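**Student:** Let me see the structure of the following:
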Amino acid sequence: MGDARRYFALPSPFAMKRGGALEQASLAYETWGELSPARDNALLIFTGLSPSAHAASNAEDPSPGWWEDMLGPGKYIDTNRWYVICVNTLGSCKGSTGAASTNPASGEPYRLDFPDLTLEDAANAAKALIDGLGIERLACLLGNSMGGMTALAYLAQHPGSVRAHISISTAPQAQPFAIAIRSLQREAIRLDPQWNNGRYSDESYPEAGMSIARKLGVITYRSAMEWVGRFARIRLDSDQREEDPFGAEFQVESYLAGHARRFVRNFDPNSYLYLSRASDWFDVGEYGQGGVAAALARTALEQALVIGVETDILFPLSQQQEIADGLRGGGAQVEFVALDSPQGHDAFLVDIPRFGAAIAHFLARL
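**Tutor:** This next block holds a predicted model:
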């Protein structure tokens, strides 16, 4: 298996919104399809907090991507037509420069010396990549979850640089419930003695903190309705139970433990803290005067598709409506789709047929 990941060297120094700058930083990205001679068929994808740039399999890396059934030749996002670029967010640990990367000034990992990260920084890093690829205007910008916020940061900072936008299960600003959950996730990591102010190692690693943070996340990514449908009150067989007097007794507990196990060693704790806080800080209404509606109206889009899910407790439908109304206020033709997927916030990763149909229908009109 080859590596499909490419690296784009960011301008050095790369200035950060809240101060500080990165030297010799780079952005990891992958591409599918061909850029047209007029360079007018580029579609950029911003991901949620944890995925890599590997959204789908490609010639260099045939392993399935996190959105495998969504994009590819003849799929909902048809790479025979679109030149698709997926970036790994600045500050992540999946190839782009982040807290786990080596600080050229010290030769050691940045850890907590990494500058304060915002989603605006992540958006500007991607804009530098798009400029570097010689693309003057994106045909379409797509973002889901945290990536949807990064996409709004891109649009707000670079009005007119994008023709069409697909916004999926995201927010124009972080809301109290989402902030509260993310704050607890960060606290779980920071209270783990092994975190050691960011100075952990493979031998001494904040396993428990990361595990609790991930479990909290998974609980909020799905809906109560789905938990009932999947697990009810089914108990584990006696041979699956631990001896511990307070050990796991229900299937749902064991499901969460499995999810956490798969995640814990696959994501850098400091990077998680930085990206989580960047999500809390985000508020598109900080651009210019007039709050969220005015900021969205200034994005100068031609068309937009806004998709939300009725069972999403993390990024509720009201926030999707606010995005749709704001973009309409700027003269964009906006289609708003509210799906009744039972999977909650994670539906865009799971309910591919419904999300895919809405996306394909929108792209066909561009």
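
**Student:** Tell me where the model's unsure across the protein.
**Tutor:** Along the chain, segments meeting pLDDT under 70 span 1-3.

**Student:** Show me the residue sitting in the middle of it in space.
**Tutor:** Residue closest to the average C-alpha location in the chain (Cα atoms, centre = their mean): residue 48, at 1.4 Å.

**Student:** Mind splitting the chain into its structural domains?
**Tutor:** 6-174+283-365, 178-274 (automatic domain parsing).

**Student:** Quick one: end-to-end length of the last one, please.
**Tutor:** Using Cα to Cα, to the nearest Å, one end of domain 178-274 lies 15 Å from the other.

**Student:** Now do the helices in the stretch 51-200 of the chain.
**Tutor:** 119-132, 146-157, 176-191 (DSSP state H, counting those that start in this stretch).

**Student:** looking at those helices, which is buried most?
**Tutor:** helix 146-157 (a mean of 27; mean count of other Cβ atoms under 10 Å). For every residue, glycine as well, the C-beta is placed using N, CA and C.

**Student:** Stretch 20-30: which residues count as buried?
**Tutor:** Neighbour counts using 16 or more other Cβ atoms under 10 Å place 22, 25-30 of stretch 20-30 among the buried residues.

**Student:** what ranges do the strands span in the protein?
**Tutor:** Taking DSSP state E as the criterion, the chain contains strands spanning 6-9, 14-15, 21-22, 26-32, 42-46, 71-72, 77-78, 83-87, 138-144, 162-168, 303-309, 333-339.

**Student:** Residue 120: which of the ones you listed is closest?
**Tutor:** Shortest separation from residue 120 across the strands of the chain is recorded for strand 14-15, at 11.0 Å, computed as Cβ to Cβ.

**Student:** who's in contact with stretch 340-351?
**Tutor:** Stretch 340-351 has contacts (Cβ atoms under 8 Å, 6 or more residues apart in numbering) with 66-67, 144-145, 168-169, 220-223, 225-226, 229, 307, 309-315, 339, 354-355.

**Student:** now stretch 293-302
**Tutor:** Applying Cβ under 8 Å, 6+ apart, the contact partners of stretch 293-302 are 152, 155-156, 159-160, 162-165, 172, 284-288, 322-323, 325-327, 329-333.

**Student:** residues touching the closest residue to residue 247 other than its chain neighbours, list them.
**Tutor:** Leaving aside its chain neighbours, residue 247 sits nearest to residue 241 (5.9 Å; criterion: Cβ to Cβ, 6 or more residues apart in numbering). With contact set as Cβ under 8 Å, 6+ apart, residue 241 has these partners: 247-249.

**Student:** Same question for residue 186.
**Tutor:** By Cβ under 8 Å, 6+ apart, the contact set of residue 186 is 213, 273, 276-277.

**Student:** how close does residue 39 sit to residue 181?
**Tutor:** Using Cβ to Cβ, to the nearest Å, residue 39 is found at 40 Å from residue 181.

**Student:** An error on my part: the question was meant for residue 333.
**Tutor:** Counting by Cβ to Cβ, the gap from residue 333 to residue 181 is 34 Å.

**Student:** Any buried residues in stretch 154-169, and which?
**Tutor:** If you call a residue buried by 16+ other Cβ under 10 Å, then stretch 154-169 has these buried ones: 154-159, 161-169.

**Student:** now swap in stretch 287-300 and tell me
**Tutor:** Residues of stretch 287-300 classed as buried by neighbour count (16+ other Cβ under 10 Å): 287, 291-299.

**Student:** before we move on, the earlier item: out of the contacts of residue 186, who's nearest residue 366?
**Tutor:** Checking those against residue 366 by Cβ to Cβ gives residue 276 as the nearest, at 33.5 Å.

**Student:** My read is that that closest one contacts residue 185, right?
**Tutor:** Yes: Residue 276 is in contact with residue 185 according to Cβ atoms under 8 Å; the separation is 6.1 Å.

**Student:** Residue 110: neighbouring residues, count only.
**Tutor:** If you count neighbours by other Cβ atoms under 10 Å, residue 110 ends up with 22.

**Student:** List the contacts of it.
**Tutor:** 98-103, 270.

**Student:** Which residue is the nearest non-sequential neighbour of it?
**Tutor:** With sequence-adjacent residues excluded and distances taken as Cβ to Cβ, 6+ apart, residue 110 is closest to residue 103, at 4.5 Å.

**Student:** Ok, residue 322 next?
**Tutor:** Leaving aside its sequence neighbours, residue 322 sits nearest to residue 172 (Cβ to Cβ, 6+ apart; 5.6 Å).

**Student:** same deal with residue 335?
**Tutor:** Nearest residue to residue 335, sequence neighbours excluded (Cβ to Cβ, 6+ apart): residue 305, at 5.0 Å.

**Student:** what's the one you found in contact with, if anything?
**Tutor:** 164-167, 334-335, 337, 358-359, 362.

**Student:** picking up where we left off before, so how many other residues sit close to the residue nearest to residue 322?
**Tutor:** Applying other Cβ under 10 Å, we find 26 residues neighbouring residue 172.
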